[in-house]
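> what follows is a predicted protein model with its sequence.
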Amino acid sequence: MKMKKMIMAVALAAATAAGYAQNEPETMTIQPKGGFGLATLTDVPKAEMAGVGMFGGELEYALNEKLSIGAGINFDMLGYSIEDTEGIKDWYTNMNYLALPAVANFYIWKGLALKAGLQPGFLLSAKESYKLNGDKHETTVTSSFNKFDLSIPIGISFEFSRVVIDARYLLGLTKVNKEGDKTCHNSVILITTGYKFKL
């Protein structure tokens with residue numbers, strides 16, 4: 001009986017280990033992905049975190065079992081909200097970016113990776129919406145923001161049976177706003193889910 005339990009335990013451990021990603025050297029994968037998160041702009045009076053989303057894809061090349069490099073193209077729907085004030089309610093500014101993240105992935109355990117890199121982004125559009133006296137207002141404000149943004153993505157991911165769950169913080173480096181004395185930066189938390197296909 002003890003031998004049977006031991007064999008079953010070993011078989012279960014082997015099956016579980018097989019499900020985790022093995023970073024095969026000199027292999028390339030493509031990963032469609034999508035997710036959601038929270039974002040805001042720093043140094044904006046009364047600014048609060050707002051729900052945001054993204055979708056895109058990423059190529060990853062394994063240099064060895066512990067290190068890989070990734071490059072992606074994403075559509076990031078960022079923004080921020082402002083606390084209701086002076087009769088204005090539901091104030092939300094949406095900023096859409098085409099983002100090109102480049103990251104290094106450091107695998108510290110089977111399927112578990114730490115990552116860091118650089119992410120240039122290009123502003124596609126920006127809109128501001130709010131309610132005043134019960135009426136909804138929406139304005140295009142693309143010209144109020146700089147077209148280029150640079151941030152540092154820092155995060156952690158876990159892969160199991162080619163499904164990848166990724167959590168990243170985007171630390172904005174460049175000034176987002178064109179107007180005003182303050183220097184505002186994007187501050188974003190994103191959680192995504194993707195699936196790896198071997199090329």
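Yep, that arrived.
> contacts and neighbour counts: CA atoms only from here.
OK.
> what is the neighbour count of residue 142?
By other C-alpha atoms under 10 Å, the residues close to residue 142 number 17.
> any idea how far residue 100 is from it?
Per C-alpha to C-alpha, to the nearest Å, residue 142 is found 20 Å from residue 100.
> would you map the strands across this structure?
28-41, 47-48, 50-62, 67-82, 88-99, 102-109, 112-132, 135-140, 148-160, 163-172, 186-195, 197-198 (DSSP state E).
> closest to residue 180 out of those?
strand 28-41 (13.6 Å; C-alpha to C-alpha).
> can you list the strands that the closest one pairs with?
Here strand 28-41 is paired, per DSSP bridges, with strand 50-62 (antiparallel), strand 186-195 (antiparallel), strand 197-198 (antiparallel).
> which one of those strands lies closest to residue 79?
Using C-alpha to C-alpha, the strands paired with strand 28-41 put strand 50-62 closest to residue 79, at 6.6 Å.
> quick revisit: distance to residue 29, mean pLDDT and mean neighbour count added to the strands paired with strand 28-41, as CSV?
Listed next are the strands paired with strand 28-41 as CSV, based on distance: least, C-alpha to C-alpha, whole Å; pLDDT from 0 to 100; neighbours: other C-alpha atoms under 10 Å:
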stretch, distance to residue 29, mean pLDDT, mean neighbour count
strand 50-62, 5, 97, 19
strand 186-195, 10, 98, 20
strand 197-198, 4, 95, 12
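> possible to save those as JSON lines with distance to residue 167?
Below are the strands paired with strand 28-41 laid out as JSON lines (distance: least, C-alpha to C-alpha, whole Å):
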{"stretch": "strand 50-62", "distance to residue 167": "12"}
{"stretch": "strand 186-195", "distance to residue 167": "4"}
{"stretch": "strand 197-198", "distance to residue 167": "20"}
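> for residue 166, find the nearest of the ones you listed.
strand 186-195 (5.2 Å).
> ok and the closest one relative to strand 67-82, angle-wise?
Using axes from the mean of the first three to the mean of the last three C-alpha atoms, to 10 degrees, the inter-axis angle of strand 186-195 relative to strand 67-82 is 130 degrees.
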